[in-house]
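Visitor: Give me the fold of what follows.
(one chain, ligands or ions: 1)
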Amino acid sequence: MDVSKAEIASQLVPVLGDQRDSAGDIERFAESLFEKHSSSVRVHWGLSQSDINLPLQPIVWYRLGYQCMDPSIRLGQTLDFAVGDYYLQDSGSMLALAACEADRPIEVEAPRRLICDLCAAPGGKATALLESIGDGFLLANEPIKSRVAPLAFNLARTGSNRYAISSMDPERLAHQLGGIFDLVVVDAPCSGQALLSKGKQTLSSITIAQVEHSAARARRILQSAFMLLRPGGQLVFSTCTFAERENEAQIDWLIDEFPAIPDPVDRLSPYQSAPRRRSHENSPENACCYRLWPHRDRCAGSFAASVRSDVDVPSVGSFRERKSKGKRRKQKQGTDIELPEAVATMIEAKELRIEEGEVNLWAWPADAPSWVEAISISGPELAYRTGRTWKPSHHLARRRDLQFVDSLEVDEADAWRYLRGESIRCETNGWRVVCHRGRGLGWIKASGGVGKNHLPPAARF
Ligand SMILES: C[S@@+](CC[C@H](N)C(=O)[O-])C[C@H]1O[C@@H](n2cnc3c(N)ncnc32)[C@H](O)[C@@H]1O
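Guide: Predicted coordinates for the structure are as follows:
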């Protein structure tokens, strides 16, 4: 039986709490929850609208975000997308990125930032944070193991190696790495009311029971997130839901229970949430919460907030350099593994920390944090093993900081052939990175004039 707009609206009123008035016409809001919005993209850090061959219109709250004005274009099926020049991302997700200032130019001599994305898969926010990290380092954590592969794939698309991937419960992570991060991002699992428009959520998301359940889980994550911060560090919290209990109320709780200070983001002031009636009379004004509404902002909607840990209070967590138990993997000098010549030459001039897993070889920059090998389950992959042979990793072909030796630059027609998984012509033998407009697409192994396609199935079109 269809639930009427009026019924949904009446269910939404208690869920919205003090945000009810900002929602305006509640029936219009209820209706907009099911409306589709134009697709949006986020361009690779350092590129702009003119670098992308699409009819784009800027998104006001995020410098690298654009809405595509032609709904007939399949945004995930273009060469610009294939080479990694843009990502598909809902413009609502860019509110949290704006709170992190991930679109700001990297300043020369800016302090190196250590960032943790605590709920990272599939990497929409982590990829943006990584592209803007400069000399810093990102830890992308995703506790659900089956979601790590798409996260790793997307992080590789950035072309950077300044990241590690862990898969830990936030509490355990906070016990190991407490008190060290400059920025922790919690894009929490939530009731997901903004996903109704994409058909990825059901009406159970607007029930009080679902909201309470999600809020309790997010509180546990937030507590650990706060422990991960250094004194003065920033915590950005976001959701894709409208329930006040899952949004503004969580921030009030942090401010009341922890040495957390509201950290207003000036550029987001047009999107500020309505002030809440606070339970504690002396509670500081909570002016650090922001919302996008589907019927106002032409996107699915989202919530983001920013707080800082009090610089004068010692951090709640404390970093302990622990000897990891048992399963530490071998650290390599890189010389005792027979790598394909193309890989060995590419990494020759770089100082790397190479580590060998069961069938993978990862290479972190020499200045990566000391704990990286102990806690990560994946990272910038250099090579992988089938039997006794090491093959070059797809991730390596995507790197933007390496010189591809003897790469094969192809035209548009051959780029498409390659992306479909076909062999292409190559006159020189051996492993070669296939490039289009100077961007690495993946590997071929050539012999006798034919380059055999080694593009992983997930990257094929
Ligand atoms: C909203 S999604 C994150 C989306 C991601 N930040 C992005 O921008 O692509 C929430 C993520 O939190 C993960 N998650 C679930 N339970 C968690 C927990 N207890 N602690 C941390 N993350 C959790 C989910 O598996 C999911 O990948």
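
Visitor: pretty sure Ala249 belongs to a helix, no?
Guide: Yes: residue state for Ala249 (DSSP: H, G, I helix; E, B strand; the rest coil) corresponds to a helix.

Visitor: hang on, it packs against Gly17?
Guide: Yes: taking contacts as CB atoms under 8 Å, Ala249 lies within contact range of Gly17: 7.4 Å. From N, CA and C alone the C-beta is placed, and that goes for glycine too.

Visitor: Please enumerate the shared neighbours of these two.
Guide: Common contact partners of Ala249 and Gly17 (CB atoms under 8 Å, 6 or more residues apart in numbering): Arg276.

Visitor: how about Glu381, what does it touch?
Guide: Glu381 neighbours (CB under 8 Å, 6+ apart): 152, 156, 360-363, 393-396.

Visitor: Name the nearest of those relative to the ligand.
Guide: Ala152 (12.8 Å; CB to the nearest ligand atom).

Visitor: confidence score at the closest one?
Guide: Ala152 carries a pLDDT value of 96.

Visitor: Can you verify it is assigned to a strand?
Guide: No: secondary structure of Ala152 (three-state DSSP): helix, not part of a strand.

Visitor: Return the distance of it relative to Gly379.
Guide: Taking CB to CB, to the nearest Å as the measure, Ala152 falls 8 Å from Gly379.

Visitor: neighbour count winner among the two?
Guide: Ranked by neighbour count (other CB atoms under 10 Å), Ala152 and Gly379 place Gly379 first, with 28 against 22.

Visitor: Narrow the contacts of Glu381 to those in helices?
Guide: 152, 156, 394-396 (DSSP state H).

Visitor: Quick one: name the residues of the stretch 101-250 of the chain near the ligand.
Guide: 118-125, 142-144, 147, 170, 187, 189, 221 (CB under 6 Å from any ligand atom).

Visitor: Specify the residue ranges that define each domain of this structure.
Guide: 90-309, 321-392, 404-461 (automatic domain parsing).

Visitor: what's the first-to-last distance across the first one?
Guide: When you say that, I think you mean domain 90-309. Counting by CA to CA, to the nearest Å, you get 29 Å between the two ends of domain 90-309.

Visitor: ditto for the last one
Guide: Between the opening and closing residues of domain 404-461 there is a gap of 23 Å (CA to CA).

Visitor: what does the average pLDDT come to for that domain?
Guide: Per-region confidence: domain 404-461 scores 95 on mean pLDDT.

Visitor: distance between that domain and the chain's centre?
Guide: 28 Å (CA atoms, centre = their mean, to the nearest Å).

Visitor: And the longest one, by the same measure?
Guide: Relative to the mean C-alpha coordinate of its chain, domain 90-309 is positioned 10 Å out (CA atoms, centre = their mean).

Visitor: Flag every buried residue along the lengthiest strand in the chain.
Guide: Ranked by residue count under DSSP state E, the longest strand found in the chain is strand 229-239. Neighbour counts over strand 229-239 (16 or more other CB atoms under 10 Å) mark 229-230, 233-239 as buried.

Visitor: Put the alpha carbons of that strand into PDB.
Guide: Extracted C-alpha coordinates of strand 229-239, given in PDB (Å, rounded to 0.1, in the frame of the first residue of the first chain):
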ATOM      1  CA  LEU A 229      42.500  13.700  17.900                       C
ATOM      2  CA  ARG A 230      45.500  15.600  19.100                       C
ATOM      3  CA  PRO A 231      44.800  18.600  21.300                       C
ATOM      4  CA  GLY A 232      43.400  21.300  19.000                       C
ATOM      5  CA  GLY A 233      42.600  18.800  16.300                       C
ATOM      6  CA  GLN A 234      39.500  19.000  14.200                       C
ATOM      7  CA  LEU A 235      36.600  16.500  14.100                       C
ATOM      8  CA  VAL A 236      34.300  16.700  11.100                       C
ATOM      9  CA  PHE A 237      31.100  14.600  11.500                       C
ATOM     10  CA  SER A 238      28.700  14.000   8.600                       C
ATOM     11  CA  THR A 239      25.600  12.000   7.800                       C
END
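
Visitor: Strand partners (parallel or antiparallel) of it?
Guide: For strand 229-239, the paired strands and their directions (DSSP bridges) are strand 181-187 (parallel), strand 302-309 (antiparallel).

Visitor: For it, give the mean pLDDT please.
Guide: 97.

Visitor: mind starting the numbering at 40 from now?
Guide: Taking 40 as the first residue, the last one we looked at is strand 268-278.

Visitor: circling back to that earlier point, how about the buried residues of strand 268-278, which pair is most distant?
Guide: Pairwise distances across the buried residues of strand 268-278 peak at 24.4 Å for Arg269 and Thr278 (criterion: CB to CB).

Visitor: before we move on, the earlier item: mean pLDDT added to the strands paired with strand 268-278, as TSV?
Guide: Converted to TSV, those look like this (pLDDT from 0 to 100):
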stretch	mean pLDDT
strand 220-226	98
strand 341-348	97
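
Visitor: Mean neighbour count added to the ones you listed, as CSV?
Guide: Below are those laid out as CSV (neighbours: other CB atoms under 10 Å):
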stretch, mean neighbour count
strand 220-226, 25
strand 341-348, 27
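
Visitor: Which stretch among those strands approaches Met108 most closely?
Guide: Per CB to CB, nearest to Met108 of these: strand 341-348, 21.4 Å.

Visitor: what would the ones in helices among the contacts of Glu420 look like in CSV with distance to Leu222?
Guide: As requested, the ones in helices among the contacts of Glu420 are exported to CSV (distance: CB to CB, whole Å):
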residue, distance to Leu222
Ala191, 21
Ala195, 22
His433, 29
His434, 24
Leu435, 28
